[in-house]
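[1] Following is a predicted model, sequence given first.
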Amino acid sequence: MLVGAPRKGSPEARDVEEHLDELARLADTAGAAVVGRIVQFIAKPTPDLYIGQGKAEEVGRRLLDLGAGLVIFDEELSPRQGKHLEDLLKVRVMDRTELILDIFALRARSREAKMQVELAQLEYSVSRLTRMWVHLSRIRGGIGLRGPGETQLETDRRMIRRKIGQLKQKLVEVAEHRSRLRARTDDRHVVKVALVGYTNAGKSSLLRALTGAEAHVEDRLFATLDTQSREVALPDTRHPTPGTQPVRVRYTDTVGFIRKLPHDLVASFRATLEEAADADVVVHVVDASHPAWEDQAEVVGEVLHGVLGASESRVVVALNKADLLGPEDATERERAAAQRGWEAVLTSAKAGLGLARLRALCGPGDRPRQPEGPRRTGDRG
């Protein structure tokens, strides 16, 4: 069962059903079947249950009626709130962050991705160990005497913090190795293009369409977590003369973004996201057929702005899945992109629409850099 509890008057309250639809897709990706949903608009979270006592009891009754054994909150729960909810409802309670972490753990394939996910999981769980050791916490220690529960918690916290330190060091080594590989790419004068975007916007499909190489494609959120790179040779448009050597272009597909992306995950995947900061061109892939395409673009734009910082990467917006748009909607998307100052192109990986133009924008050529740094692709205006 899904539970949404947005604050009254917030943007989340306005779009609560859309957020729960996305949470349902996340649950499906994790292998859970959604049997119901409950919404309560709150002034502020309660310390013990996040939602009100009466609403929590209503959730419990609905669970019995539906035979559900799991509750997923769209909001992030504190350790105290999670523990009290589980005590009251007698079922497993998760929040959106924990669900996303589970999906990442399920989808990670490479050694680097697995380390990044494990680091995020450990940093998330270190403050939530009390829920795991409630059966030992009944014996409380005083001055000079510690109960077995407290001793076990301290031991586990030390082990987790030690493991976190080890993972961070290993990821630093991976980042250094990645930096050396990028330096070799620079030596070969390869044009670097990074594909970024909201999850399920079609980045992997676009990578396959642009390069002709195989890439895992699935109509599910976070179908791919591992960075995928494909290198192709394109004609050098700067010197279109017979005998001119083609220019190598490397396209890299990065991890997708989503609303309320856990901060620990953003930090853990920073080394991967730095592929975008080091790219010559960043292609922001937007699902132009989605009703909330502007909001999704804004989510990506905010995270991307933090990752790129002072990078000189040039940002191109691919308004993808354009084959699902009618002529009027397509024109409206282009108009909206122009109003935001985006360098945008309508594309469709499935129909092959706009790929030639996108290759030209990303490929070799004398292109001006943005003097003030990359525009936040999610900015309105």
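    On my side now, so go ahead. Since the structure is predicted, the reported quantities are computational estimates derived from the model, not experimental observations. Numbers count the residues shown, from 1 in each chain.

[2] only C-alpha atoms for contact and neighbour calcs from this point on.
    Noted.

[3] neighbours around Thr46, how many?
    Neighbour count of Thr46, defined by other Cα atoms under 10 Å: 12.

[4] May I have the phi/psi pair for it?
    phi -80, psi 150 (degrees, to the nearest 10).

[5] wait, what's in contact with it?
    Contact partners of Thr46, counting by Cα atoms under 8 Å, 6 or more residues apart in numbering, are Gly52.

[6] longest single helix anywhere in the chain?
    Of all segments of type helix in the chain, defined using DSSP state H, the longest is helix 148-187.

[7] can you tell me the average pLDDT over that one?
    The average pLDDT within helix 148-187 is 76.

[8] By mean pLDDT, flag the weakest helix or strand of this structure.
    One helix or strand of the chain scores below all others by mean pLDDT, DSSP states H and E: helix 129-132, with a mean of 55.

[9] wait, what's in contact with the residue nearest in space to the middle of the chain?
    Geometric centre of the chain, nearest residue: Phe257, 2.7 Å, by Cα atoms, centre = their mean. Phe257 is in contact with 197-199, 299-300, counting by Cα under 8 Å, 6+ apart.

[10] can you list the residues that contact stretch 18-38?
    Identification of contacts with stretch 18-38 by Cα under 8 Å, 6+ apart yields 1-4, 12, 59, 66, 68, 74, 96, 99-100, 102-103, 106, 220-221.

[11] After the longest helix of the chain, which helix or strand is next?
    strand 191-197 (DSSP states H and E).

[12] Quick one: list the elements packing against that next one.
    Helices and strands in packing contact with strand 191-197 are listed as helix 203-211, strand 247-253, helix 270-278, strand 281-287; criterion 3 or more Cα pairs under 8 Å, 6 or more residues apart in numbering; DSSP states H and E.

[13] any idea where the strands of the stretch 251-381 of the chain begin and end?
    When assigned using DSSP state E, counting those that start in this stretch, the strands of the stretch 251-381 of the chain occupy the ranges 281-287, 314-320, 344-346.

[14] and Asp295, which of the ones you listed is closest to it?
    Smallest distance to Asp295 across those (Cα to Cα): 10.3 Å, for strand 281-287.

[15] how much distance is there from stretch 40-48 to the middle of the chain?
    26 Å (Cα atoms, centre = their mean, to the nearest Å).

[16] which residues of the stretch 251-381 of the chain score low on pLDDT?
    For the stretch 251-381 of the chain, the stretches with pLDDT under 70 are 263-264, 267-275, 307-312, 363-381.

[17] Isn't Ile42 up against Ala5?
    Yes: between Ile42 and Ala5 there is a contact under Cα atoms under 8 Å: 6.3 Å.

[18] and which of the contacts of Phe257 is nearest Ala120?
    Closest approach between these and Ala120, by Cα to Cα: Thr199, at 18.5 Å.

[19] rewinding a little: kindly compare burial across the helices and strands packed on strand 191-197 and name the winner.
    Highest mean neighbour count among these (mean count of other Cα atoms under 10 Å): strand 281-287, with a mean of 27.

[20] May I see the buried residues of the host helix or strand of Leu26?
    Using DSSP H and E, Leu26 sits within helix 16-30. The neighbour-count check on helix 16-30 (16 or more other Cα atoms under 10 Å) flags 16, 19-20, 22-27, 29-30 as buried.

[21] Centre of the chain to it, how far?
    When C-alpha coordinates are averaged (Cα atoms, centre = their mean), helix 16-30 and its chain have centres 14 Å apart.

[22] can I get the CA coordinates of that helix in CSV?
    The C-alpha coordinates for helix 16-30 follow below in CSV (Å, rounded to 0.1, in the frame of the first residue of the first chain):
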residue,chain,number,x,y,z
VAL,A,16,0.2,14.1,-5.1
GLU,A,17,-1.5,11.7,-7.5
GLU,A,18,1.3,12.0,-10.1
HIS,A,19,3.9,11.4,-7.4
LEU,A,20,2.0,8.3,-6.1
ASP,A,21,1.8,7.1,-9.7
GLU,A,22,5.6,7.4,-9.9
LEU,A,23,6.0,5.7,-6.6
ALA,A,24,3.8,2.8,-7.9
ARG,A,25,6.1,2.5,-10.9
LEU,A,26,9.1,2.3,-8.5
ALA,A,27,7.3,-0.4,-6.5
ASP,A,28,6.7,-2.3,-9.7
THR,A,29,10.4,-2.0,-10.6
ALA,A,30,11.3,-3.4,-7.2
